[in-house]
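In: Structure here, sequence nowhere to be found:
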């Protein structure tokens, strides 16, 4: 059901890498100091963040624009594309590639209510 994306070719993100990507998706473009401001406490050291940003760039998730000796970073992968890839992997690995099994899981765990299910049904009907 889920189609392979360009993210399937790339390595997955570690926790701190994902936090940095969340910051960049929110800010759209940012210098290291701005990224650090968005990260949860405890804030990582500047050099640690710069190293992780470099790794993200090597993995193809972000790029930069130079301003003298400073670099402003921006995402190359959209949050939506990353969400699709991660969710697709979860559905494939834990729910036998069945979105229905995922929804059933949330219903049984009481993580989704009737109103939310009705909204999902409306979305499905409107997309057909």
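Out: Happy to help now that I have it. Since we're looking at a predicted model, the values are computed, not measured. Numbering: from 1, shown residues only.

In: which element is residue 85 on?
Out: Assigned by DSSP states H and E, residue 85 falls within helix 79-94.

In: Helices along the protein, start to end?
Out: 15-27, 32-38, 46-59, 79-94, 99-108, 114-126 (DSSP state H).

In: would a markdown table of those helices with mean neighbour count be doable?
Out: For every residue, glycine as well, the C-beta is placed using N, CA and C. As requested, those are arranged in a markdown table below (neighbours: other Cβ atoms under 10 Å):
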| stretch | mean neighbour count |
| --- | --- |
| helix 15-27 | 18 |
| helix 32-38 | 16 |
| helix 46-59 | 16 |
| helix 79-94 | 14 |
| helix 99-108 | 13 |
| helix 114-126 | 10 |
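
In: So for the helix holding residue 85, mean pLDDT?
Out: Helix 79-94 shows an average pLDDT of 91 in the prediction.

In: what's it packed up against?
Out: helix 15-27, helix 99-108 (3 or more Cβ pairs under 8 Å, 6 or more residues apart in numbering; DSSP states H and E).

In: Mean pLDDT and distance to residue 35 for those - can I get that in TSV?
Out: Output for these, formatted as TSV (pLDDT from 0 to 100; distance: least, Cβ to Cβ, whole Å):
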stretch	mean pLDDT	distance to residue 35
helix 15-27	96	5
helix 99-108	89	32
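
In: Tell me which of these lies nearest to residue 41.
Out: helix 15-27 (11.4 Å; Cβ to Cβ).

In: got the angle for that closest one vs helix 46-59?
Out: Per axes from the mean of the first three to the mean of the last three Cα atoms, to 10 degrees, the angle that helix 15-27 makes with helix 46-59 is 80 degrees.

In: Tell me the helices and strands packed up against helix 15-27.
Out: So helix 15-27, by 3+ Cβ pairs under 8 Å, 6+ apart, packs with helix 32-38, helix 46-59, strand 70-75, helix 79-94.
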